[in-house]
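Engineer: sequence plus predicted model, see below.
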Amino acid sequence: MSELDEAWAAALSEAERRAKLAGRSDIAEYLSLKNSNDLLRKAGVEWLLAEFTSLAADANRAGASIQISKQEGHRFKIGASTMVGHLLTFTNGVRTLYVEAGWPRVPRDGVVRGGGLACANIRHLGIRQASEELLLTKSHNGTPVWKSLKHPSLHESHMRRHIAILLDQHR
(Lines give C-alpha, C1' and ligand atoms only; values in the text may rest on other atoms or scores of the structure.)
Protein backbone atom coordinates (compact mmCIF):
# COMPACT_ATOMS: atom_id res chain seq x y z
CA MET A 1 0.00 0.00 0.00
CA SER A 2 1.40 3.40 -0.96
CA GLU A 3 1.76 6.28 1.50
CA LEU A 4 -1.13 8.06 -0.21
CA ASP A 5 -3.35 4.96 0.16
CA GLU A 6 -2.40 4.71 3.84
CA ALA A 7 -3.16 8.39 4.41
CA TRP A 8 -6.50 8.02 2.62
CA ALA A 9 -7.44 4.96 4.71
CA ALA A 10 -6.52 6.81 7.91
CA ALA A 11 -8.57 9.86 6.86
CA LEU A 12 -11.59 7.64 6.09
CA SER A 13 -11.30 5.91 9.45
CA GLU A 14 -11.12 9.24 11.24
CA ALA A 15 -14.12 10.58 9.30
CA GLU A 16 -16.09 7.45 10.17
CA ARG A 17 -15.17 7.82 13.86
CA ARG A 18 -16.26 11.48 13.87
CA ALA A 19 -19.53 10.66 12.09
CA LYS A 20 -20.33 8.05 14.75
CA LEU A 21 -19.54 10.52 17.55
CA ALA A 22 -21.76 13.13 15.90
CA GLY A 23 -24.65 10.65 15.68
CA ARG A 24 -24.51 10.58 11.87
CA SER A 25 -24.97 6.84 11.45
CA ASP A 26 -25.87 7.31 7.76
CA ILE A 27 -22.47 8.85 7.01
CA ALA A 28 -20.68 6.34 9.24
CA GLU A 29 -22.36 3.44 7.41
CA TYR A 30 -21.43 4.90 4.01
CA LEU A 31 -17.78 5.38 5.03
CA SER A 32 -17.68 1.86 6.48
CA LEU A 33 -19.03 0.45 3.20
CA LYS A 34 -16.52 2.49 1.19
CA ASN A 35 -13.65 1.25 3.35
CA SER A 36 -14.87 -2.35 3.02
CA ASN A 37 -15.21 -2.03 -0.76
CA ASP A 38 -11.76 -0.43 -1.05
CA LEU A 39 -10.26 -3.40 0.80
CA LEU A 40 -12.04 -5.82 -1.56
CA ARG A 41 -10.84 -3.81 -4.58
CA LYS A 42 -7.23 -3.85 -3.39
CA ALA A 43 -7.36 -7.58 -2.61
CA GLY A 44 -8.92 -8.41 -5.98
CA VAL A 45 -6.47 -6.32 -7.99
CA GLU A 46 -3.46 -7.58 -6.03
CA TRP A 47 -4.58 -11.19 -6.53
CA LEU A 48 -5.00 -10.73 -10.30
CA LEU A 49 -1.59 -9.12 -10.72
CA ALA A 50 0.14 -11.64 -8.45
CA GLU A 51 -1.40 -14.59 -10.32
CA PHE A 52 -0.26 -13.31 -13.72
CA THR A 53 3.21 -12.52 -12.36
CA SER A 54 3.47 -15.99 -10.82
CA LEU A 55 2.40 -17.70 -14.06
CA ALA A 56 4.95 -15.71 -16.05
CA ALA A 57 7.64 -16.59 -13.50
CA ASP A 58 6.69 -20.29 -13.80
CA ALA A 59 7.02 -20.03 -17.59
CA ASN A 60 10.43 -18.37 -17.20
CA ARG A 61 11.61 -21.16 -14.91
CA ALA A 62 10.52 -23.60 -17.63
CA GLY A 63 12.69 -21.84 -20.22
CA ALA A 64 10.65 -18.86 -21.45
CA SER A 65 12.15 -15.39 -21.46
CA ILE A 66 9.22 -13.16 -20.53
CA GLN A 67 10.17 -9.62 -19.52
CA ILE A 68 7.89 -8.16 -16.83
CA SER A 69 7.34 -4.51 -15.92
CA LYS A 70 4.86 -2.86 -13.56
CA GLN A 71 3.47 0.66 -13.55
CA GLU A 72 1.45 2.12 -10.68
CA GLY A 73 -0.94 5.04 -11.06
CA HIS A 74 -1.89 3.77 -14.53
CA ARG A 75 -5.07 5.28 -16.02
CA PHE A 76 -7.18 3.43 -18.58
CA LYS A 77 -10.65 3.74 -20.07
CA ILE A 78 -13.55 1.32 -19.68
CA GLY A 79 -16.43 2.79 -21.65
CA ALA A 80 -16.79 6.43 -20.64
CA SER A 81 -15.12 5.89 -17.23
CA THR A 82 -11.46 6.15 -16.28
CA MET A 83 -9.94 3.49 -14.04
CA VAL A 84 -6.82 4.19 -11.99
CA GLY A 85 -4.61 1.34 -10.85
CA HIS A 86 -1.78 -0.82 -12.12
CA LEU A 87 -0.41 -1.96 -15.47
CA LEU A 88 1.61 -5.14 -15.84
CA THR A 89 3.38 -5.56 -19.16
CA PHE A 90 4.66 -8.97 -20.23
CA THR A 91 6.91 -9.06 -23.29
CA ASN A 92 8.08 -12.15 -25.13
CA GLY A 93 9.92 -11.23 -28.33
CA VAL A 94 7.44 -9.33 -30.51
CA ARG A 95 4.42 -10.40 -28.43
CA THR A 96 3.13 -8.25 -25.58
CA LEU A 97 0.45 -8.92 -22.98
CA TYR A 98 -0.98 -6.07 -20.91
CA VAL A 99 -2.88 -6.62 -17.67
CA GLU A 100 -4.39 -3.40 -16.33
CA ALA A 101 -6.62 -3.26 -13.26
CA GLY A 102 -8.13 -0.46 -11.18
CA TRP A 103 -11.21 1.54 -10.30
CA PRO A 104 -12.38 5.18 -10.48
CA ARG A 105 -10.81 7.25 -7.70
CA VAL A 106 -12.66 10.57 -7.95
CA PRO A 107 -16.18 11.44 -9.15
CA ARG A 108 -14.98 12.85 -12.49
CA ASP A 109 -13.44 9.42 -13.27
CA GLY A 110 -16.93 7.95 -13.59
CA VAL A 111 -18.23 4.68 -12.22
CA VAL A 112 -17.68 0.94 -12.49
CA ARG A 113 -20.59 -0.31 -14.55
CA GLY A 114 -22.71 -3.28 -13.62
CA GLY A 115 -22.43 -2.71 -9.88
CA GLY A 116 -18.82 -3.90 -9.89
CA LEU A 117 -16.00 -2.88 -7.60
CA ALA A 118 -13.16 -2.64 -10.14
CA CYS A 119 -12.33 -3.36 -13.77
CA ALA A 120 -9.45 -4.98 -15.60
CA ASN A 121 -8.32 -5.52 -19.17
CA ILE A 122 -6.22 -8.38 -20.41
CA ARG A 123 -4.95 -7.17 -23.78
CA HIS A 124 -2.77 -8.91 -26.34
CA LEU A 125 -0.95 -6.50 -28.65
CA GLY A 126 -2.17 -7.21 -32.19
CA ILE A 127 -4.48 -10.10 -31.14
CA ARG A 128 -7.68 -8.28 -30.27
CA GLN A 129 -9.88 -11.41 -30.25
CA ALA A 130 -7.74 -12.92 -27.45
CA SER A 131 -8.22 -9.90 -25.18
CA GLU A 132 -10.86 -9.73 -22.48
CA GLU A 133 -12.44 -7.22 -20.12
CA LEU A 134 -13.00 -8.18 -16.48
CA LEU A 135 -15.30 -6.92 -13.75
CA LEU A 136 -14.57 -7.43 -10.04
CA THR A 137 -17.75 -8.19 -8.09
CA LYS A 138 -18.66 -9.56 -4.67
CA SER A 139 -19.53 -13.24 -4.59
CA HIS A 140 -22.56 -14.47 -2.63
CA ASN A 141 -20.31 -14.93 0.43
CA GLY A 142 -18.82 -11.43 0.13
CA THR A 143 -15.42 -12.32 -1.34
CA PRO A 144 -14.14 -10.60 -4.49
CA VAL A 145 -14.45 -12.51 -7.78
CA TRP A 146 -13.35 -11.52 -11.28
CA LYS A 147 -15.87 -12.10 -14.08
CA SER A 148 -15.64 -11.57 -17.82
CA LEU A 149 -17.93 -11.60 -20.81
CA LYS A 150 -16.24 -14.84 -21.88
CA HIS A 151 -16.35 -16.70 -18.52
CA PRO A 152 -18.66 -16.53 -15.50
CA SER A 153 -15.56 -16.32 -13.30
CA LEU A 154 -11.86 -16.06 -14.01
CA HIS A 155 -9.85 -19.18 -13.21
CA GLU A 156 -6.16 -19.94 -13.33
CA SER A 157 -6.72 -21.94 -16.53
CA HIS A 158 -7.93 -18.76 -18.29
CA MET A 159 -4.84 -16.87 -17.12
CA ARG A 160 -2.61 -19.76 -18.25
CA ARG A 161 -4.23 -19.51 -21.68
CA HIS A 162 -3.26 -15.82 -21.88
CA ILE A 163 0.35 -16.70 -21.00
CA ALA A 164 0.28 -19.48 -23.63
CA ILE A 165 -0.88 -16.94 -26.24
CA LEU A 166 1.98 -14.65 -25.20
CA LEU A 167 4.38 -17.59 -25.68
CA ASP A 168 2.68 -18.57 -28.97
CA GLN A 169 1.81 -21.99 -27.49
CA HIS A 170 -1.97 -21.68 -27.64
CA ARG A 171 -2.71 -23.96 -30.58
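Structural biologist: Perfect, thanks for sending it.
Engineer: look up the pLDDT of the nearest residue to residue 81 once chain neighbours are set aside for me, please.
Structural biologist: Using CB to CB, 6 or more residues apart in numbering and skipping the chain neighbours, the partner closest in space to residue 81 is residue 110 (2.9 Å). (Each C-beta comes from the backbone N, C-alpha and C, glycine too.) Residue 110 carries a pLDDT value of 91.
Engineer: equivalent analysis for residue 124, please.
Structural biologist: Residue 124 carries a pLDDT value of 97.
Engineer: that one: what's it in contact with?
Structural biologist: Taking CB atoms under 8 Å, 6 or more residues apart in numbering as the definition of contact, the neighbours of residue 124 are 95-98, 130-131, 162, 165-166.
Engineer: out of those residues, flag the one nearest to residue 20.
Structural biologist: Nearest to residue 20 among these: residue 98, at 42.5 Å, using CB to CB.
Engineer: which SSE is the closest one in?
Structural biologist: Residue 98 belongs to strand 95-103 when assigned by DSSP states H and E.
Engineer: quick one: buried residues of the longest helix seen in the chain?
Structural biologist: Scanning the chain for the helix with the most residues, using DSSP state H, yields helix 25-61. Judged by neighbour count (16 or more other CB atoms under 10 Å), helix 25-61 contains these buried residues: 28, 31-32, 35, 38, 40-42, 44-45, 47-49, 51-53, 55-56, 59.
Engineer: cool, stretch 144-156 as well?
Structural biologist: Neighbour-count burial for stretch 144-156, counted by 16+ other CB under 10 Å, picks out 144-147, 154.
Engineer: report pLDDT for residue 22.
Structural biologist: 81.
Engineer: phi, psi of it?
Structural biologist: When read as degrees, to the nearest 10, the backbone of residue 22 gives phi -80, psi 0.
Engineer: kindly report the same for residue 152.
Structural biologist: Residue torsions, per degrees, to the nearest 10, at residue 152 are phi -60, psi -30.
Engineer: mind checking how far it is from residue 49?
Structural biologist: From residue 152 across to residue 49, the span is 21 Å (CB to CB, to the nearest Å).
Engineer: distance to residue 79 and pLDDT for the buried residues of stretch 144-156 - can I get that in TSV?
Structural biologist: Compiled in TSV, these are given as follows (distance: CB to CB, whole Å; pLDDT from 0 to 100):
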residue	distance to residue 79	pLDDT
144	21	90
145	21	92
146	18	94
147	16	93
154	20	86
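Engineer: next, the angle strand 95-103 makes with the strand or helix carrying residue 120.
Structural biologist: Using DSSP H and E, residue 120 maps to strand 118-124. For strand 118-124 and strand 95-103, the angle between their directions (axes from the mean of the first three to the mean of the last three CA atoms, to 10 degrees) works out to 170 degrees.
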